[in-house]
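Visitor: Whatever this is, show me its structure:
(2 chains)
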There are 2 protein chains.
Amino acid sequence: MSLTSFTLHGRDGAARTGVISTPRGEIRTPAFMPVGTAATVKAMLPESVRATGADILLGNTYHLMLRPGAERVARLGGLHKFMNWERPILTDSGGFQVMSLSGLRKLTEEGVTFKSHIDGSKHMLSPESSMEIQRLLGSDIVMCFDECPALPADRQRIEQSMRLSMRWAQRSRDAFGDRPGHMLFGIQQGGLEEDLRGESAEALTSIGFDGYAVGGLAVGEGQEAMFQVLDFAPGQLPEDKPRYLMGVGKPDDIVGAVKRGIDMMDCVLPSRSGRTGQAWTRHGMVNIKNARHQDDPRPLDEHCTCPACRSYSRAYLHHVYRAGEMISGMLLTWHNLHYYQELMQGMRDAIAGGRFAAFEAEFHAQRAEGDIPPL
Amino acid sequence: MSLTSFTLHGRDGAARTGVISTPRGEIRTPAFMPVGTAATVKAMLPESVRATGADILLGNTYHLMLRPGAERVARLGGLHKFMNWERPILTDSGGFQVMSLSGLRKLTEEGVTFKSHIDGSKHMLSPESSMEIQRLLGSDIVMCFDECPALPADRQRIEQSMRLSMRWAQRSRDAFGDRPGHMLFGIQQGGLEEDLRGESAEALTSIGFDGYAVGGLAVGEGQEAMFQVLDFAPGQLPEDKPRYLMGVGKPDDIVGAVKRGIDMMDCVLPSRSGRTGQAWTRHGMVNIKNARHQDDPRPLDEHCTCPACRSYSRAYLHHVYRAGEMISGMLLTWHNLHYYQELMQGMRDAIAGGRFAAFEAEFHAQRAEGDIPPL
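Guide: Okay, here's the model as predicted:
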């Protein structure tokens, strides 16, 4: 019997709900994974992240390999122990961050050499080294090492890149080996092109993975184009494995992705927004730095049960943001992660109950109302 | 029957332990008050501050009057509700911060006019306006408005300043009026001069206050001179009222002050240190940014029960400090406040048990050992 599994418990149209089981705990899907880039979900203690309802975190291989270093994390007992999060962790492959953050990259068939954005030191990432780093970190869900062009890009660039990623997917699979209790996910590429996405899906399926990511989206194409791809891409991937949309997104991106058959997502948005005074509620985004909040005794959302909404007024949140106090980022991040997890729970319940369309309609209706008017 | 009281439960030499009772809760003395300058103890949620054992917070009148403004706080239900701290709050008078933070001050018999360090706006603080602002904030323990020269200063300057502060103490008392459930503390001045301190104590006692602060220390005179003053100053103040040493201090300052009869203290040190990578333990100060910690799997202090010590290694704390992550300040502040409150509890128990001398000897012996050696 495998130590990991994915069980679907309900469907509603293309949307699905289920559970990924791992030795470190269950992941209820559709799942939103808060991002813990450098072994911390910024501004949060891990017990608070768990209290929002998160079943799994994402860690960034690129950041962790540079600081504190994967070997060091391994010597200290692995990433879970290091960061005090006992539940599942998914790590990305490092490929995306190398492209977006590091300096002086060189891409070859072998992999990518690059300079650290922290100290300029030279490093190499390849399918083999990425698998080794993710093993050292102790990741529960390991991502294949891939390459991903920013969009828009011409078809030839997308095609070449996708085929390179498929060769790297095979090398990732070979390097990963047999690690009971740990899952390896392949990453579909192919930009906005249905045939290239299909070719990629076939290549990955023939290799065989424990889950499949839709990669190469949320890289500049916009929501409309992303949804057009999601109208076909999830269906190209195996029905019985989890499907992960990387780096997405805003609440309406997430609802649209789940509607189209996505099971897992991650994004820095709720935590990053929380540090810049932006709160996400049922009514859209509230900019707490706006002076309209300075005398407002009401919570961000009177129906929200997070600590920020239970115990603090908009006036307080406005004050601490303007005063540059850390509690501003702490409370707004908590609120945002709570809202995101509540949204996921709402979708899981709606799918299980066969009422996803009604859920989606209500979601959009509440957003259309906009934030509560000033007093 | 008064709504507030101070009851002494034990003495050991000059050291005392007791309880200040207020409608918002009891304050066990000797008490350390974490500083919540701008309606937040930086990097902490109030429930976490309470979990460290704090019975009371200090709020800064100067900061709060400028932002968000005392009238605004009053409209929003007072400082306790605003910042989600239901227990007692002591506010300073604003006088000290005007001198240390604001620009273009002008001191007259009436009070101090100054420019805000935030936006340059012009403000006035006097005994009457300070009492009004502290009333609007809803402070449980209100401090007299006083003036305090930095040390060293010549005797004439100290004497003139002390006498002005005594006239302001009478005006503060008159302006405070009768507010059941709220306490007004006088502030002794007189620099390092025993006779001036005595004159100040007599002036305050004849006015009559609910408690008495030893003011004008921790302003540059050094520990030795401070202790010399504390060898006589507390004894000049009424035995049956709490004695508060303002703005103190490091752990050894605190132990020495309690030994000399001080009941209450406040200081930004544990929270400020926490944000700059400095942790206070039984063995002194640990600088977590030092590279010696980067591979150390041990906690800051294996005997400490705070969240930072229970769940994180020095290696982790080093990593998140170096990575500039907010969790660094959050965990180290929590640890420092926990250590400070544990120190206060240890002193309360030792005084009650008549073994303060042994406690003090052990305190100094542990510090003399220094931090644990590197692995």
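Visitor: middle-most residue in chain A, spatially?
Guide: Nearest to the mean C-alpha position of chain A, by CA atoms, centre = their mean, lies A:Asp266 at 1.2 Å.
Visitor: partners of that residue in the sheet?
Guide: Under DSSP bridges, the beta-bridge partners of A:Asp266 are A:Met33.
Visitor: Would you confirm that it contacts A:Phe32?
Guide: Yes: contact criterion CB atoms under 8 Å: A:Asp266 and A:Phe32 qualify, at 7.2 Å. In short, each C-beta sits where N, CA and C put it, glycine included.
Visitor: residues from chain A in reach of chain B?
Guide: Chain A comes close to chain B at residues A:38-40, A:42-45, A:67-68, A:72, A:75-77, A:82-84, A:294-295, A:297, A:307, A:311-313, A:315-316, A:319-320, A:322-323, A:325-327, A:329-331, as judged by CB under 8 Å from any CB of the partner chain.
Visitor: Please pick the buried ones from the residues you listed.
Guide: Buried members of these, scored by 16 or more other CB atoms under 10 Å in any protein chain shown, are A:38-40, A:42-45, A:67-68, A:72, A:76, A:82-84, A:294-295, A:307, A:311-313, A:315-316, A:319-320, A:322-323, A:325-327, A:329-331.
Visitor: Looking at chain A, which helix is longest?
Guide: Longest helix in chain A, counting residues (DSSP state H): helix A:326-352.
Visitor: now the following helix or strand past that one and helix A:326-352, what's the angle there?
Guide: Going down the chain from helix A:326-352, the next helix or strand is helix A:356-369, by DSSP states H and E. Relative orientation of helix A:356-369 and helix A:326-352, computed by axes from the mean of the first three to the mean of the last three CA atoms, to 10 degrees: 150 degrees.
Visitor: For helix A:356-369, name the packing helices and strands.
Guide: Packing contacts for helix A:356-369, counted by 3 or more CB pairs under 8 Å, 6 or more residues apart in numbering or on different chains; DSSP states H and E, involve helix A:251-259, helix A:326-352.
Visitor: try it again with 10 Å
Guide: strand A:5-12, strand A:15-22, helix A:251-259, strand A:284-287, helix A:326-352 (3 or more CB pairs under 10 Å, 6 or more residues apart in numbering or on different chains; DSSP states H and E).
Visitor: now the angle between helix A:251-259 and the helix or strand harbouring A:Phe227, please.
Guide: Assigned by DSSP H and E, A:Phe227 belongs to helix A:223-230. On the basis of the same axes, to 10 degrees, helix A:223-230 is oriented at 10 degrees to helix A:251-259.
Visitor: Check the secondary structure at the closest residue to chain B within the stretch 151-300 of chain A for me.
Guide: Nearest to chain B in the stretch 151-300 of chain A, going by CB to the nearest CB, is A:Pro297, at a distance of 5.6 Å. Assigned with DSSP: H, G, I helix; E, B strand; the rest coil, A:Pro297 falls in the coil class.
Visitor: OK, contacts around the nearest residue in space to it that is not next to it in sequence?
Guide: Nearest non-adjacent residue to A:Pro297, counting by CB to CB, 6 or more residues apart in numbering or on different chains: A:Ser313, 4.7 Å away. A:Ser313 sits next to A:293, A:295-300, A:319, B:76-77, B:81-82, B:84 when contact means CB atoms under 10 Å, 6 or more residues apart in numbering or on different chains.
Visitor: what does A:Val142 give?
Guide: A:61, A:89-93, A:130-131, A:133-135, A:172, A:175-176, A:179, A:182-185, A:209-210.
Visitor: 7 Å instead, please
Guide: A:Val142 sits next to A:Thr91, A:Met131, A:Gln134, A:Phe176, A:His182, A:Met183, A:Leu184 when contact means CB atoms under 7 Å, 6 or more residues apart in numbering or on different chains.
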